[in-house]
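Colleague: A predicted structure for the sequence below; I have some questions about it.
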Amino acid sequence: MSQPQEPGRPVRIAYSPCPNDTFVFDAWAHGRVPGAPALDVTFADIDVTNGMAERGEGDVLKVSYAVLPWVLDEYALLPCGGALGRGCGPLVLTREAGEPAGLAGKTVAVPSERSTAYLLFRLWAAAEVPGGVGDVVVLPFHEIMPAVRDGKVDAGLVIHEARFTYRDYGLSRLADMGEHWEDTTGLPIPLGAIIAKRSLGAARLRELAEAARTSVRMAWDDPAASRPYVLAHAQEMDPAVADQHIGLYVNEFTADLGEDGYAAVRGLLTRAAAEGLVPALGPDALTFV
């Protein structure tokens, strides 16, 4: 049953401080989207927001697509605002160049066991690493490349700006999960989704989706307006790398998932369910309102 939000209470939203998220939500978070509800923003890494979704915390969350099978009873997938595209998949990095089969029995660091990156990795490893990898260690995203460089783990699964910076750590790209996904399915890569509580009601959900869509379009129309917000939360990221990050992860699918976007999401989760990696989706699980 729909539970209308308390009048006047801001929408509680959690997303990462990464440049693509701050770029997308800058206009909305700063009250520049006409008619959009006010936001109460929490910055959190994707592993944290995945856990929030599973506990039912927050009105709107940026989460991994891989966590959707566990949360879609309580949350609806918004048709915009997320990260999905081509040529933007997670990478497996090692200290020395090698072949995927060499990863058999090795220790691999990953950013979250419920991340889309790890789900793509498991699908890839099942096909490319006979015998399977060894131990899997969950580390914060920013600790993975140093851990590989320093020999604390044999390989690392990385996302986001690591595509542009891994050579700075002297690391080699063993495999690209996105290339494997696109080559085997022809579909774009689903990475991060925006979800909102179904209990807010259909009208509110449509309002939230429209606010997210307008916010990203405003960012495209005037990218300079979002730059202070982006750089303030990008930690020590080089501004040029932040621009690359935004260019890679904010695209036409961010404004509207569209037919190809939904096909990619359903393709990933159906394939993963067939491998026994996630629960199967119901026929209407991805329906918005």
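Modeller: Looks like it arrived, so ask away. Numbering: from 1, shown residues only.

Colleague: Mind checking what secondary structure L68 has?
Modeller: With DSSP: H, G, I helix; E, B strand; the rest coil as the basis, L68 sits in helix.

Colleague: Centre of the chain to stretch 153-168, how far?
Modeller: 16 Å (C-alpha atoms, centre = their mean, to the nearest Å).

Colleague: Ignore what I typed, I meant stretch 264-275.
Modeller: 16 Å.

Colleague: May I see the buried residues of it?
Modeller: A264, V265, G267, L268, L269, R271, A272 (16 or more other C-beta atoms under 10 Å). Where C-beta positions appear, they are placed from N, C-alpha and C, glycine not excepted.

Colleague: Is it possible to get CSV of those residues that adds secondary structure and pLDDT?
Modeller: CSV is the format used below for those (DSSP: H, G, I helix; E, B strand; the rest coil; pLDDT from 0 to 100):
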residue, secondary structure, pLDDT
A264, helix, 97
V265, helix, 97
G267, helix, 96
L268, helix, 96
L269, helix, 97
R271, helix, 95
A272, helix, 95
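
Colleague: just these now: which is nearest P17?
Modeller: Of all those, P17 sits closest to V265, with 24.5 Å by C-beta to C-beta.

Colleague: just the strands in the protein please.
Modeller: 11-15, 39-43, 60-64, 75-77, 83-85, 91-94, 108-110, 136-138, 155-158, 172-176, 189-197 (DSSP state E).

Colleague: So which of those is nearest D256?
Modeller: With C-beta to C-beta as the criterion, D256 lies closest to strand 83-85 of these, at 10.6 Å.

Colleague: residues making contact with the closest one?
Modeller: Applying C-beta atoms under 8 Å, 6 or more residues apart in numbering, the contact partners of strand 83-85 are 20, 65, 188-192, 248-251, 253-254, 257, 261, 264-265.

Colleague: repeat for stretch 217-224
Modeller: F23, V24, D26, A27, R32, V33, A225, S226, V250, A255.

Colleague: Flag the shaky bits of the protein, pLDDT-wise.
Modeller: 1-7, 236 (pLDDT under 70).

Colleague: which one's the longest helix in it?
Modeller: The longest helix of the chain (DSSP state H) is helix 202-221.

Colleague: Show me what counts as buried in it.
Modeller: Those would be 204-205, 207-209, 211-216, 218-219, for helix 202-221 by 16+ other C-beta under 10 Å.

Colleague: which stretches of this protein form helices?
Modeller: Using DSSP H, the helices of the chain run over residues 19-29, 46-55, 68-71, 116-128, 141-149, 162-165, 177-185, 202-221, 223-232, 239-249, 252-255, 258-274.

Colleague: Next up, the contacts around A125.
Modeller: Applying C-beta under 8 Å, 6+ apart to A125 gives the contacts P100, L103, G132, V133.

Colleague: Over to stretch 179-191 now: how far is its first residue from its last?
Modeller: Stretch 179-191 has an end-to-end distance of 14 Å (criterion: C-alpha to C-alpha, to the nearest Å).

Colleague: List the contacts of that stretch.
Modeller: 64-65, 82-89, 116-117, 120, 123-124, 127-128, 159, 177-178, 249, 253, 260-261, 263-265, 267-268, 271.

Colleague: mind putting the buried residues of helix 202-221 in CSV, distance to F288 included?
Modeller: Listed next are the buried residues of helix 202-221 as CSV, based on distance: C-beta to C-beta, whole Å:
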residue, distance to F288
R204, 12
L205, 7
E207, 12
L208, 11
A209, 7
A211, 14
A212, 12
R213, 12
T214, 17
S215, 17
V216, 17
M218, 22
A219, 22
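
Colleague: For the residue nearest the centre of the chain, which non-adjacent residue is closest in space?
Modeller: Among the residues of the chain, the one closest to the centroid is G192, at 2.4 Å (C-alpha atoms, centre = their mean). Distances taken as C-beta to C-beta, 6 or more residues apart in numbering put A83 closest to G192, at 3.9 Å, once the chain neighbours are dropped.

Colleague: Roughly how far does D243 sit from S16?
Modeller: Plainly put, D243 is 17 Å away from S16 if you go by C-beta to C-beta, to the nearest Å.

Colleague: same question but for R114, I mixed them up
Modeller: From R114 to S16 the distance is 15 Å (C-beta to C-beta).

Colleague: repeat for P146
Modeller: Taken as C-beta to C-beta, the span from P146 to S16 is 20 Å.
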